[in-house]
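S.K.: Provide a 3D model corresponding to the input given below.
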Amino acid sequence: MNRASSNQAFFKLRKEAERLLENNGVVKPDIQEEDLLRLAHELEVYQIELELQNEELRFAKEELEASRNEFFDLYNSAPVAYVTLNEKGMIEKVNEAAARMLKGTREILHGSSFMLWVYPDDIHIFYSLLRRLALARSSGPAELRLKGGKSGPVHVHMETTAKIDEKEGTKHWRLALVDITRRTQAERKLEALTRELEQRVRDRTEELNRKTEQLARLSSQLTLTEQRERRRIAEILHDHIQQLMVGAKMGQELLMPDIHDGLKPDAAHVLDLINRSIRAMRSLNAELSPPVLQSGDLSASLQWLARWMRENYGFEITLDVAAEITLDRQDVNVLVFQSIRELLFNAVKHSGVKAATLKMERANGQLRIVVSDCGAGFDADAILEDTGHDQKFGLIGIRERFAHLGGRFEIQSASNAGSTISLTIPLDEKASAEEPQGSVSAATEEPSMAQPVAQGPGKKLRVMLVDDHPVILDGLSRMLGPQPDIELVGRALDGEEAVRLVRELVPDVILMDINMPKMNGLEATRIIHSEFPHIRIVGLSAYDESELADAMIEAGASAFRSKTDTKERLLAAIRGEG
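M.R.: The predicted structure follows:
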């Protein structure tokens with residue numbers, strides 16, 4: 001600052017100071033020039049700082065204005081609809097998105113009630129939200145509908161914030177609205193599609209259940225059909241071919257004493273061939289349809305199977321089977337037996353050992369069978385995938401049939417580590433799928449009051465023959481007729497006829513076939529023995545099974561003979577000699 005400026009400033013400051021002092025009643029002091037210069041300098045510095053602050057304030061106002069403009073640009077151009085309401089629910093401010101959503105201009109919307117645009121059925125949702133926000137003073141979400149004109153209501157997701165002015169005691173509501181109409185429509189379509197899909201799944205499940213039940217019935221029918229066919233073939237072999245062979249054997253034995261000595265070796269060879277043929281057919285019969293299987297006693301059937309495997313294959317089976325497991329359903333009984341036999345055949349052919357263990361138990365409404373061996377083992381997955389493997393079809397057949405009946409088929413095996421195959425099948429009390437064969441009980445006929453004729457010295461044994469095959473009857477007649485101590489008094493072709501003839505003839509001895517139509521030999525034996533316990537009954541069968549012998553003895557027979565036994569053994573049984 002130059003001298004002239006300093007003087008000018010000095011006199012200006014001095015004059016101003018004197019004026020202030022005078023106005024305040026203060027005596028004019030003697031102000032020195034140096035003090036005034038110092039004050040002037042400080043004033044100049046303060047003025048510069050003030051100008052700088054004013055400049056910064058101007059820049060801040062410009063930035064604030066720019067930010068405000070940018071905010072409002074973003075506010076107006078934002079895709080989210082923003083609405084500000086006063087405490088009475090009147091619209092104070094909206095952006096362009098809100099104006100489009102509410103189908104009006106910002107000028108028209110300003111000052112109007114927001115409730116005019118809320119879908120009538122959803123007004124209670126909006127009021128409830130505002131009350132909750134007023135108490136909690138926090139933001140909250142809600143979904144409701146706004147009036148949308150011809151296109152229908154607009155579904156919105158609304159975030160609401162309560163702003164309360166404590167000083168003025170007023171409140172405002174800030175709403176952020178997002179159009180979720182498409183999402184809601186998509187959700188509804190998805191729900192409709194889901195319901196339709198669920199219904200289709202239910203329909204398909206019901207259809208699948210029906211098909212599964214049908215498949216289970218077909219599987220059961222197939223099992224029974226197979227068994228009936230096996231039994232039919234076995235009956236053809238037994239009732240025709242084997243009986244004819246037995247008749248041929250009897251005839252050959254009758255001819256043997258009268259044959260020329262030079263021909264006797266050839267005749268004996270023919271007799272041996274007949275006996276071997278009968279044994280082969282008997283084995284084939286047992287393999288096709290074991291007679292013990294018809295009893296329904298699965299435990300007894302498996303005991304027979306173990307003995308049969310030992311006698312025919314030298315394969316030892318260790319049984320761990322509960323006694324007298326009898327299944328109500330014949331199809332299940334047959335399926336279990338045939339499956340176990342198939343698994344044992346596989347063990348015979350592939351395990352490389354001569355023994356296996358068979359365990360069967362019935363518990364908790366299920367039947368569980370485990371067949372295990374310590375043999376070579378196998379890769380179960382590889383076998384089930386290899387269409388050329390001879391185990392594949394047997395294992396798959398067992399697995400599928402058990403699955404159709406609600407059972408399980410499990411294999412644990414590895415190379416050189418043996419194998420364990422488990423079968424589990426649920427059991428129920430349904431009646432057997434096979435039709436029961438009719439039988440005549442003792443109560444259906446009046447018992448005879450005839451008394452036996454006492455045997456004296458020289459009296460012949462009065463013998464009655466019972467067999468459904470005429471060839472056997474003729475063979476027995478030709479065998480027994482020449483015996484001096486035997487008199488043939490009657491012949492019957494089935495159990496019913498036998499019971500009726502016994503009541504008329506009261507013979508001393510009856511040769512009773514077991515397998516016959518109408519009434520089998522077991523039932524006929526029970527009836528006859530209950531009425532005439534003194535009559536000696538000798539059971540006859542083309543089968544040579546201990547179970548049949550035991551059953552016949554239990555029914556009341558005195559002895560059991562195979563039709564292929566020698567004449568001497570048969571005569572000894574008739575005469576009671578052993």
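
S.K.: Pull the contacting residues for the residue nearest to A414 when sequence neighbours are not counted.
M.R.: Spatial nearest neighbour of A414, chain neighbours left out: G377 (5.2 Å); criterion: C-beta to C-beta, 6 or more residues apart in numbering. Using the backbone N, CA and C atoms, a C-beta is placed for each residue, glycine as well. The contact partners of G377, by C-beta atoms under 8 Å, 6 or more residues apart in numbering, come to 351, 413-419.

S.K.: Can you read off the pLDDT for G377?
M.R.: What the model reports as pLDDT for G377 is 82.

S.K.: In a helix, it, correct?
M.R.: No - counting by DSSP: H, G, I helix; E, B strand; the rest coil, G377 is not part of a helix but coil.

S.K.: quick one, what contacts the residue nearest the centre of the chain?
M.R.: Geometric centre of the chain, nearest residue: G406, 6.5 Å, by C-alpha atoms, centre = their mean. Applying C-beta under 8 Å, 6+ apart, we find G406 in contact with 216, 425-426.

S.K.: doesn't it fall inside a helix?
M.R.: No - counting by three-state DSSP, G406 is not part of a helix but coil.

S.K.: Quick check: the gap between it and T205.
M.R.: 16 Å (C-beta to C-beta, to the nearest Å).

S.K.: ditto for I317
M.R.: Per C-beta to C-beta, I317 is found 42 Å from T205.

S.K.: Equivalent analysis for D550, please.
M.R.: For D550, the distance to T205 (C-beta to C-beta) stands at 50 Å.

S.K.: before we move on, what about E196?
M.R.: 15 Å.

S.K.: what's the closest of the contacts of G406 to H534?
M.R.: Nearest to H534 among those, counting by C-beta to C-beta, is I425 at 47.8 Å.

S.K.: Wasn't the closest one part of a helix?
M.R.: No - I425 is assigned strand when assessed by three-state DSSP, not a helix.

S.K.: how about it, what does it touch?
M.R.: Contacts of I425 (C-beta under 8 Å, 6+ apart): 332, 335-336, 366-367, 402, 405-408.

S.K.: picking up where we left off before, could you identify the most distant pair in the contacts of G377?
M.R.: Top of the distance list for the contacts of G377 (C-beta to C-beta): S351 and A414, 13.1 Å.

S.K.: What is the burial count for N312?
M.R.: N312: 12 surrounding residues under other C-beta atoms under 10 Å.

S.K.: for the one 4 residues further on, same thing?
M.R.: By the criterion of other C-beta under 10 Å, E316 has 13 neighbours.

S.K.: R38 too?
M.R.: 11.

S.K.: try A216
M.R.: A216 has 16 nearby residues by other C-beta under 10 Å.

S.K.: Ok, I123 next?
M.R.: Neighbours of I123 (other C-beta under 10 Å): 12.

S.K.: The biggest helix by length in the chain packs against which elements?
M.R.: Ranked by residue count under DSSP state H, the longest helix found in the chain is helix 181-236. Helix 181-236 sits against strand 154-165, helix 264-288, helix 330-350, helix 392-404, with contacts defined as 3 or more C-beta pairs under 8 Å, 6 or more residues apart in numbering; DSSP states H and E.

S.K.: quick one: it to strand 154-165, angle?
M.R.: 130 degrees (axes from the mean of the first three to the mean of the last three C-alpha atoms, to 10 degrees).

S.K.: element containing L367?
M.R.: strand 366-373 (DSSP states H and E).

S.K.: do G111 as well
M.R.: Here G111 is assigned to no helix or strand, by DSSP H and E.

S.K.: Check the burial of it by counting its neighbours.
M.R.: Neighbour tally, G111, other C-beta under 10 Å: 10.

S.K.: Excluding chain neighbours, give the residue nearest to it in space.
M.R.: Per C-beta to C-beta, 6+ apart, closest to G111 is M90, 5.9 Å.

S.K.: The one you found and G148, how far apart?
M.R.: 22 Å.

S.K.: Looking at those two, which has the bigger crowd around it?
M.R.: Shown here are M90 and G148; by other C-beta under 10 Å, G148 has more neighbours (18 against 14).

S.K.: Give me the pLDDT for the more buried one.
M.R.: G148 is given a pLDDT of 76.

S.K.: Does it touch V154 like I think?
M.R.: Yes - look at G148 against V154 with C-beta atoms under 8 Å: they come within range, at 4.1 Å.

S.K.: so what sits against both of these two?
M.R.: In contact with both G148 and V154: T181, using C-beta under 8 Å, 6+ apart.

S.K.: all helices in the stretch 451-578 of the chain, in order from the N-terminus.
M.R.: For the stretch 451-578 of the chain, the helices defined by DSSP state H, counting those that start in this stretch cover 470-480, 495-505, 521-531, 546-555, 567-575.

S.K.: closest one to P290 among these?
M.R.: helix 546-555 (9.0 Å).

S.K.: isn't there a strand covering Q53?
M.R.: No - applying three-state DSSP, one finds Q53 to be helix, outside a strand.

S.K.: for it, what are its contacts?
M.R.: Contacts of Q53 (C-beta under 8 Å, 6+ apart): none.

S.K.: ok, back up a step: can you state the direction angle for the longest helix of the chain and helix 330-350?
M.R.: 80 degrees.

S.K.: can you give me how far the helix or strand that comes right after helix 181-236 is from the chain middle?
M.R.: Heading C-terminal from helix 181-236, the first helix or strand you meet, by DSSP H and E, is helix 243-255. Centre-to-centre, helix 243-255 and its host chain are 56 Å apart (C-alpha atoms, centre = their mean, to the nearest Å).

S.K.: What residues of helix 243-255 count as buried?
M.R.: 243, 245-253 (16 or more other C-beta atoms under 10 Å).

S.K.: mean confidence score for that helix?
M.R.: Helix 243-255 comes out at a mean pLDDT of 78.

S.K.: tell me what that helix is packed against?
M.R.: helix 264-288, helix 470-480.

S.K.: mind running it again at 10 Å?
M.R.: Helix 243-255 sits against helix 264-288, helix 470-480, helix 567-575, with contacts defined as 3 or more C-beta pairs under 10 Å, 6 or more residues apart in numbering; DSSP states H and E.

S.K.: Out of those, which one sits most buried?
M.R.: Counting by mean count of other C-beta atoms under 10 Å, helix 470-480 has the highest mean neighbour count of those, with a mean of 18.

S.K.: Now do it: everything it contacts.
M.R.: 239-240, 242-251, 253-254, 461, 463, 465-467, 469, 486-488, 491-493, 509, 511, 513, 540, 542, 563, 567, 570-571, 574 (C-beta atoms under 10 Å, 6 or more residues apart in numbering).

S.K.: And A99, how far from E554?
M.R.: Distance from A99 to E554, by C-beta to C-beta: 102 Å.

S.K.: quick one: which of those two has more around it?
M.R.: Legend: neighbour count by other C-beta under 10 Å for A99 and E554, higher for A99 (19 against 11).

S.K.: what helix or strand is R38 on?
M.R.: helix 33-77.

S.K.: Now that helix: average pLDDT?
M.R.: The model assigns helix 33-77 a mean pLDDT of 76.

S.K.: One more: stretch 405-413?
M.R.: 84.

S.K.: Also stretch 474-482?
M.R.: pLDDT averaged over stretch 474-482 gives 86.

S.K.: One more: stretch 223-230?
M.R.: 74.

S.K.: which of the residues in that stretch are buried?
M.R.: Quick answer for stretch 223-230 (16+ other C-beta under 10 Å): 223-224, 227, 230.
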